[in-house]
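Asks: structural data only, the sequence is not supplied:
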């Protein structure tokens, strides 16, 4: 039996191509790797066979095997051209323009089941639906009050929709259709372009204006003291250098050491000998973090069970439990202005906790019930960060925003958008004037809390950023994330000044170690905690002992202890060998 087929397209471009890189994703007509396109029958060979056998009108006669091989070859070459063109073809960047183009081509805006991710399903009927427009997600909750299960579905993201349009434009261009008019979205008029270039301001509430004034009155004196101390330190170093130079000119040897350098060296020696001095089972489910109190006597360990337990650092005895969250407790932070959490009254806030139930709760240690529940986030809350004044607390969330809360007024004063995806890491500068936020959009944004401006967008991470922490000098901070890297940022230059390939898995927490000298601790999903010298960014020591990924770490105010919390449900204290033996 013979089949008549026309000569295949793309013959001239693909004579020397190999199939080895083009077989993936073809669906049918698979070809063994290592086969070259020259091994398959070509059109010219078929044409010669057709002429010899009396073919007419430029058609060739061949058996079914040859016809199938040529059809497979043509499909591979076409797919190659489509994929190569898809990488470089321009497409509208605005989601609204992408939707319009898809409608023009008669394509659906969202395909059924495309981009949907499910987290959990229970055996009960899923009836109630709560929608979140900002996060493009919906939650199906079980109506049974005793069941906390829910089904979470995330809708198609604009980036996925745009990739589908790019693939469609690439196929059209390979088929010979001019797609230049479809490559860009609607052009803006000069008036609209000028309007978009202007800085956009919104009128703030009186509560926010008052909060910014409070933050300014607190941060400016703190910044003045910090800069004065840095100048004094610089003058001391200059005087020491002058004395050394004069001694060299006289031919003497000056044995005087820089006290700061000496303290840093001693601290380096201590941290290099840190080891585990205590280990406790924190809960029946994994621990999501750990935090030292400002006095250093207590620790808080939030867990996936929804509990937050308070422990005494000396003896590792459990003191109390904070239990009011309906979902897992994601973070717990102590108020920096409360130095005696168990001695103050029932109206003084000691700890703030956040949860996947989208709430933040304020607690006093002498009361079993929370002092207040702060609501406003439309998705789960990830992390908390106290303002150094103790008056405000900031929260980051999966709803792509972070919020600032007035602890005394028990209400939200600022809803800050700017990130395009979930916000994870958040932290206030020691002066209290700046706040840094980082998230799944791979960017780090720095905000001026006194004016509300976004003063820097720092890009360098290639995957989501999960944690950050400010240095005591006020202009350096570090960030770590899913790319296994720790980046050191300098706000004077507004750029990354150093990158550490710190771990073999994602970095869950970063923290500057308190005490003399400059040191940094990082926790990772590779089950380890590493200590780095912040002056030369060299590894000092690796702490090993957890049996699973480390989810959080913190250091005591005096710098003598490190605390870590892990997915293995335990938390550990680490100390200098000589101190641990006492």
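Replies: Happy to help now that I have it. Remember, predicted model here, so these are calculated numbers, not experimental data.
Asks: what ranges does this structure have for its helices?
Replies: Secondary structure of the chain by DSSP state H: the helices cover 43-52, 64-88, 95-104, 158-174, 190-197, 206-250, 259-271, 577-580.
Asks: got the angle for the second one vs helix 158-174?
Replies: Helix 64-88 and helix 158-174 are oriented at 130 degrees to each other (axes from the mean of the first three to the mean of the last three C-alpha atoms, to 10 degrees).
Asks: and the helices of the chain: which comes nearest residue 279?
Replies: helix 577-580 (12.0 Å; C-beta to C-beta). (C-beta placed from N, C-alpha, C; glycine too.)
Asks: pLDDT (mean, whole number) over that closest one?
Replies: The pLDDT scores in helix 577-580 average 62.
Asks: ok, stretch 434-453 next?
Replies: Stretch 434-453 comes out at a mean pLDDT of 94.
Asks: same check, this time on stretch 366-383
Replies: 92.
Asks: surely residue 324 and residue 371 touch.
Replies: No - if you go by C-beta atoms under 8 Å, residue 324 and residue 371 don't touch, sitting 10.8 Å apart.
Asks: how about the helices of the chain, which one is nearest residue 466?
Replies: Nearest of the helices of the chain to residue 466, taken as C-beta to C-beta: helix 158-174 at 20.3 Å.
Asks: now do that closest one: distance to the chain's middle.
Replies: 28 Å (C-alpha atoms, centre = their mean, to the nearest Å).
Asks: and residue 539, what is it in contact with?
Replies: Taking C-beta atoms under 8 Å, 6 or more residues apart in numbering as the contact definition, residue 539 lies against 530-533.
Asks: scan those residues and report the most crowded one.
Replies: residue 532 (24 neighbours; other C-beta atoms under 10 Å).
Asks: now it. Nearest residue, chain neighbours left out?
Replies: Using C-beta to C-beta, 6 or more residues apart in numbering and skipping residues adjacent in sequence, the residue nearest residue 532 is residue 520, 4.5 Å away.
Asks: which residues does that neighbour contact?
Replies: So residue 520 contacts 478, 486, 510-513, 531-534 (C-beta under 8 Å, 6+ apart).
Asks: what does residue 544 give?
Replies: 527-528.
Asks: is it bridged to anything, and to what?
Replies: residue 528 (DSSP bridges).
Asks: model confidence for it, exactly?
Replies: 94.
Asks: quick check: it vs residue 278, distance?
Replies: 16 Å (C-beta to C-beta, to the nearest Å).
Asks: can you check residue 395 too?
Replies: 30 Å.
Asks: tell me the contacts of residue 392?
Replies: Contacts of residue 392 by C-beta under 8 Å, 6+ apart are 211, 215, 386, 404-407, 413.
Asks: who's it bridged to?
Replies: residue 406.
Asks: got the contact list for the residue most central in space within the chain?
Replies: The centroid of the chain falls nearest to residue 465 when counting by C-alpha atoms, centre = their mean (2.5 Å). By C-beta under 8 Å, 6+ apart, residue 465 lies in contact with 424-425, 438-440, 442-444, 479-482.
Asks: thinking again about what came up before, now, of the contacts of residue 520, which are buried?
Replies: Buried by 16 or more other C-beta atoms under 10 Å: 478, 486, 510-513, 531-534, out of the contacts of residue 520.
Asks: from these, which one has the minimum pLDDT?
Replies: Confidence-wise, residue 534 trails the rest of these, at 86.
Asks: pLDDT weak spots in the protein?
Replies: 1-62, 112-159, 181-202, 254, 344-345, 578-582 (pLDDT under 70).
Asks: include mean neighbour count when you put the helices of the chain into JSON lines, please.
Replies: Formatted as JSON lines, these follow (neighbours: other C-beta atoms under 10 Å):
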{"stretch": "helix 43-52", "mean neighbour count": "15"}
{"stretch": "helix 64-88", "mean neighbour count": "17"}
{"stretch": "helix 95-104", "mean neighbour count": "15"}
{"stretch": "helix 158-174", "mean neighbour count": "18"}
{"stretch": "helix 190-197", "mean neighbour count": "9"}
{"stretch": "helix 206-250", "mean neighbour count": "13"}
{"stretch": "helix 259-271", "mean neighbour count": "15"}
{"stretch": "helix 577-580", "mean neighbour count": "13"}
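Asks: any idea which of those helices gets closest to residue 328?
Replies: helix 158-174 (28.2 Å).
Asks: check contacts around residue 260.
Replies: 233, 237, 516.
Asks: same question but for residue 489, I mixed them up
Replies: 444, 458, 476-479, 495-497.
Asks: of those, buried ones?
Replies: For those, buried by 16+ other C-beta under 10 Å: 444, 458, 476-479, 496.
Asks: could I get those residues as JSON lines with distance to residue 503?
Replies: What follows is the buried ones among the contacts of residue 489, written out as JSON lines (distance: C-beta to C-beta, whole Å):
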{"residue": "444", "distance to residue 503": "19"}
{"residue": "458", "distance to residue 503": "21"}
{"residue": "476", "distance to residue 503": "20"}
{"residue": "477", "distance to residue 503": "19"}
{"residue": "478", "distance to residue 503": "13"}
{"residue": "479", "distance to residue 503": "14"}
{"residue": "496", "distance to residue 503": "18"}
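Asks: chain center to stretch 528-544, what's the gap?
Replies: So, by C-alpha atoms, centre = their mean, the centroid of stretch 528-544 is 22 Å from its chain's centroid.
Asks: I meant to write stretch 84-91 there.
Replies: Centroid displacement of stretch 84-91 relative to its chain, using C-alpha atoms, centre = their mean, is 28 Å.
Asks: same deal with stretch 367-384?
Replies: Centre-to-centre, stretch 367-384 and its host chain are 21 Å apart (C-alpha atoms, centre = their mean).
Asks: pull the number of nearby residues for the residue nearest to residue 363 when sequence neighbours are not counted.
Replies: Nearest residue to residue 363 in three dimensions, chain neighbours excluded: residue 351, at 4.6 Å (C-beta to C-beta, 6+ apart). By the measure other C-beta under 10 Å, the count of residues near residue 351 is 26.
Asks: identify the bridge partners of residue 351.
Replies: Beta-bridge pairing of residue 351 under DSSP bridges involves residue 334, residue 363.
Asks: how close does it get to residue 424?
Replies: Applying C-beta to C-beta to residue 351 and residue 424 gives a distance of 21 Å.
Asks: check residue 359 too.
Replies: Residue 359 sits 18 Å away from residue 424 when distances are taken as C-beta to C-beta.
Asks: one more: residue 567?
Replies: Per C-beta to C-beta, residue 567 is found 17 Å from residue 424.
Asks: quick one on the thing from earlier: closest one of the contacts of residue 539 to residue 78?
Replies: Nearest member of these to residue 78, counting by C-beta to C-beta, is residue 530, at 50.1 Å.
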